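In: pasting the structure only:
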């Protein structure tokens, strides 16, 4: 029996390690490519170990102005996250506390809207933004992102608010708090894992989204990181080194964000799955 348990543990650890290695391999190859020289990239057979050159990073910064795209992505992703969180908190609180009929239908409809393929709504979205004069503007990209991420945010916040006892709100009202004060002083701090989970997922989506960014932002000064990096290719060659370096720069903020808040993210996802 003990031998069987050890064997199962070895198999589980081995499979887990294999999945992790396979998942990280593309990212590791991208990092190594960004640290190679031009000769190493075009070498046949390809070299595995990099020469630890920072030439492609300096080129991505100086020649391709990667920080310009980084700034645009930061503005769009931060604004999208803030607006989505605010709307999700109020909507989730209302759905969890008000006595509305057919709440599950409302939540199901929200998810149904988010399942539409982007290409199916691209035409109407572009026409609306064109008539509003919002093409090549930050708000022209933020509004579609908020629309696409809001259903997930509402689902997460609703599931957390549902699990908080109503006695806490009644006690706060007795102590003189208004409904808004109760929400911000009692309910939101207690549902912090859900808030962090929603914030991270929304930020990652807005940071990585490509289709609408390519459709709406046709001017270089408003383009975000995914579109900016896709435009790196030259007339006759593709600068794989600069693309790899820019991709590493674009990925590092997300990696740091997940590492810093990993406990809250795991807690939020687990609690939402169990409590939903």
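Out: That came through fine. Everything quoted here is computed from the prediction, not taken from an experiment.

In: the helices in the stretch 1-150 of the chain, which residues?
Out: 2-34, 38-41, 55-62, 66-97, 103-114, 118-132, 138-163 (DSSP state H, counting those that start in this stretch).

In: Of those, which shows the lowest average pLDDT?
Out: Ranked by mean pLDDT, these bottom out at helix 103-114, with a mean of 78.

In: Skip the chain neighbours and tell me the closest residue to residue 137.
Out: residue 222 (6.9 Å; C-beta to C-beta, 6 or more residues apart in numbering). In short, each C-beta sits where N, CA and C put it, glycine included.

In: what do you get for residue 208?
Out: residue 226 (6.4 Å).

In: Hmm, residue 210 and the one you found touching each other?
Out: Yes. Counting by C-beta atoms under 8 Å, residue 226 touches residue 210, with 4.2 Å between them.

In: Which of these two has more residues huddled nearby?
Out: Between residue 226 and residue 210, residue 226 has the larger neighbour count (other C-beta atoms under 10 Å), namely 19 against 14.

In: For the more buried one, which residues are in contact?
Out: 73, 208-210, 213-214, 250 (C-beta atoms under 8 Å, 6 or more residues apart in numbering).

In: how much space between residue 133 and residue 195?
Out: 34 Å (C-beta to C-beta, to the nearest Å).

In: make that residue 68, sorry
Out: Residue 68 sits 31 Å away from residue 195 when distances are taken as C-beta to C-beta.

In: the more surrounded of those two?
Out: residue 195 (22 against 16).

In: Can you verify my assumption that the more buried one contacts residue 157?
Out: Yes. Taking contacts as C-beta under 8 Å, residue 195 lies within contact range of residue 157: 7.4 Å.

In: Need the residues touching each of the two.
Out: Joint contacts of residue 195 and residue 157 (C-beta under 8 Å, 6+ apart) are residue 89.

In: Residue 185 is in contact with residue 172, correct?
Out: Yes. At 7.2 Å, residue 172 and residue 185 qualify as touching, with contact defined as C-beta under 8 Å.

In: These two: which has the busier surroundings?
Out: Taking neighbours as other C-beta under 10 Å, residue 172 and residue 185 compare with residue 172 leading, 18 against 13.

In: Can you say which helix or strand has residue 232 in it?
Out: Counting by DSSP states H and E, no helix or strand carries residue 232.
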